[in-house]
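Starting from these lines, generate the structure:
(one chain, ligands or ions: 1)
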Amino acid sequence: MFCSWSVELKVFVLNYSKVSFLFRALGQLDSLPEKEQQEIQKALHLFSLGTSLPKTLQQAKNHTYRFWDTQPVTKLGDHVTTHGPVEEVDASIRSEPCLLPQGFSWDTLDLSSPFVLGELSHLLNENYMEEDDNTIRFNFSPEYLLWALQPPNWLLQWNLGVRVDANKKLVGFIAAVPADVRIYETKKRLVQVRFLCVHKKLRLKRMTPVLIRELTRRVNQQGVYQAVYAAGTVLPTPISSCSQWHRPLNPRKLMEVNYPGLKQNMNLQRALKFNRLPEVTKIKGLRPMTEADAPRILSLLEKNLSNFHLSPLLSLQEVEHWYLPKENVNDTYVVEADNGTLTDMVSFYTVSSRVLNHPVHTGLRAACLLYAVCNTTGVADLMEDTLVLAKSKGCDVFCALDVMDNMSFLEKLKFTISDKSVHYYLYNWKCPLMSPDKVLTTVMSPLAKRHFCLSGPVMIFHPFHFR
Ligand SMILES: CC(C)(COP(=O)(O)OP(=O)(O)OC[C@H]1O[C@@H](n2cnc3c(N)ncnc32)[C@H](O)[C@@H]1OP(=O)(O)O)[C@@H](O)C(=O)NCCC(=O)NCCS
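Numbers count the residues shown, from 1 in each chain. Here you go, the predicted model:
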């Protein structure tokens, strides 16, 4: 009892002094010269008071990026008008892995082993979260992870884990998957970075820079020097930024579980009426995609590409991988005209979450829009039918980003904007900024990360910092 009280007291005293310092510093921060402001920012970072990364470009100006400032990325505030690598290729790529602190080891995760796949699901389901509200947690299924991490040409060594030597526990992960992308007029083979995750008990110890460095080394070893990634925080430097939008499909449940993305201020009866959808779809010729549709879907995509500055260049195998419907993972519908031509398509994937400590609800399903292309059907009509289909498949909410021309249907179909932004980044590539409507996200977008928890396995780690 005494022991736990004295620990509490120490924590409190420590926090109190940090907080009073913070208030004093912040009160006067704006009136100080630039250099002193930067010193204080650095101090806050070192004291771990700057734990939350900048969410806006304004906040980012006052943040010191100890790691990102050493990387080949565009500096915040640079006005870029040219196109090309930030840094020329360095042919001498280290053959040894980056150093980890004693007690930790790299592990290439072989996801063909159900046990290893289960370990990865466990790490992500317990730790892939950024804030705590103790109600809803992601529940990535093994099938979902394989779909996201094993597109054509995926490489084993790009599924990178960190384990604790003593008990072999998986405590960190980052992955890359290959992609061909068009950035303005340049076609590039690069990687998309996925599922960066550090165990909650190891946060703020600089494991992320080590994971990114080691993944970069492994990617460079294959002759690839660029990456595309997305994050909810502002890093140097977003090439485009967009917002997440939500459309309730099951407003009663969302209200009952206090769904964080729900911003409609209305009582249940009104919410049910406001969000009511037709029982059945309206569009003639709308049907699920089959394998035989893949070549025609590919040509639909190719025709649409020239409207965008950032777009994936998919192969037939990639179209099959990303779009062919897989139960509880993704769904794609096409519109077939009377003469057999495919005129339109829409695709979404499904993310499941667990609802904790609720007397009635145990799970929640969110559908996330991948891509809609319309030639003959109006996009709002196609999307309304998509909402009906997603609801019929048990989804509770539909999420979309305001990329591509999604703005043309979001408000009309009663999506509401959330306060979460998604920023897109390029590693080792500079190009002018682009508006979100010039970004084509035909494959997995970053997830809407709103679901968090406080509890978790109690683990004791050494007080080290990764370098
Ligand atoms: C994202 C996460 C790995 C960061 O870990 P952390 O313990 O807070 O940060 P670390 O001490 O390891 O490293 C800090 C460095 O990583 C950078 N960083 C943090 N989040 C990042 C991200 N999502 N992408 C790239 N870099 C990131 C920070 O900017 C900082 O570098 P800086 O000094 O240049 O600013 C961790 O919060 C996490 O696992 N979150 C849940 C999953 C998640 O949100 N993943 C990211 C998906 S976009």
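
Please list the residues of the stretch 51-200 of the chain that sit near the ligand.
Selection of the stretch 51-200 of the chain residues close to the ligand by Cβ under 6 Å from any ligand atom yields L53, Y65, R66, F67, W68, N127, Y128, M129, E130, L196, C197, V198. In short, each C-beta sits where N, CA and C put it, glycine included.

element containing the second one, please.
When secondary structure is defined by DSSP states H and E, Y65 falls outside every helix and strand.

What ranges does this protein have for its strands?
Taking DSSP state E as the criterion, the chain contains strands spanning 104-108, 136-138, 159-164, 170-183, 186-198, 227-231, 240-248, 286-288, 310-312, 330-336, 342-355, 363-373, 397-401, 416-427.

mean pLDDT lowest for which of the ones you listed?
Of all those, the minimum mean pLDDT falls on strand 136-138 (a mean of 87).

Mind listing the strands that one pairs with, and their directions?
Neighbouring strands of strand 136-138 in its sheet, by DSSP bridges, are strand 342-355 (antiparallel).

any idea of the pLDDT on the closest residue to P114 other than its chain neighbours?
Ranked by Cβ to Cβ, 6 or more residues apart in numbering and with sequence neighbours excluded, the top spatial neighbour of P114 is P142, at 7.1 Å. pLDDT, the model's per-residue confidence, is 96 for P142.

dump the residue contacts of P142.
P142 makes contacts with P114, L117, G118, S121, as judged by Cβ atoms under 8 Å, 6 or more residues apart in numbering.

how near is H321 to the ligand?
H321 sits 22 Å away from the ligand when distances are taken as Cβ to the nearest ligand atom, to the nearest Å.

Quick check: closest non-adjacent residue to F308.
L440 (4.1 Å).

got the domain boundaries for the chain?
For the chain, whose domains are defined here by automatic domain parsing, the residue ranges read 33-64, 68-228, 240-425+434-438.

mind giving me CSV with those domains and columns for distance to V234?
Compiled in CSV, the domains of the chain are given as follows (distance: least, Cβ to Cβ, whole Å):
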stretch, distance to V234
domain 33-64, 4
domain 68-228, 8
domain 240-425+434-438, 6
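
Mean pLDDT lowest where, among those domains?
It's domain 33-64: among those, that one has the lowest mean pLDDT, namely a mean of 63.

for the contacts of P142, which one is nearest the ligand?
Taking Cβ to the nearest ligand atom as the measure, S121 is the one of these closest to the ligand, at 14.1 Å.

Tell me which stretches of the stretch 201-350 of the chain form helices.
Counting by DSSP state H, counting those that start in this stretch, the stretch 201-350 of the chain has these helices, from start to end: 207-220, 251-256, 268-274, 294-304, 316-323.

Output the ones you listed as a markdown table; include the columns distance to V164.
Listed next are those as a markdown table, based on distance: least, Cβ to Cβ, whole Å:
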| stretch | distance to V164 |
| --- | --- |
| helix 207-220 | 12 |
| helix 251-256 | 38 |
| helix 268-274 | 46 |
| helix 294-304 | 43 |
| helix 316-323 | 33 |
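
Generate a markdown table for those helices, with mean neighbour count as supplementary columns.
Output for these, formatted as a markdown table (neighbours: other Cβ atoms under 10 Å):
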| stretch | mean neighbour count |
| --- | --- |
| helix 207-220 | 21 |
| helix 251-256 | 18 |
| helix 268-274 | 12 |
| helix 294-304 | 17 |
| helix 316-323 | 20 |
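
so how many other residues sit close to V397?
V397 sits with 25 neighbouring residues when counted by other Cβ atoms under 10 Å.

quick one: stretch 105-116 to chain centroid distance?
With Cα atoms, centre = their mean, to the nearest Å as the basis, the distance from the averaged C-alpha position of stretch 105-116 to the chain average is 22 Å.

mind listing what's buried in it?
Residues of stretch 105-116 classed as buried under the neighbour-count rule (16 or more other Cβ atoms under 10 Å) are W106, D107, L109, L111, V116.

so M289 makes contact with V334?
Yes - counting by Cβ atoms under 8 Å, a contact exists between M289 and V334, whose distance comes to 5.3 Å.

what's the overlap in contacts for these two?
Looking at what touches both M289 and V334 (by Cβ under 8 Å, 6+ apart), the common residues are I297, M345.
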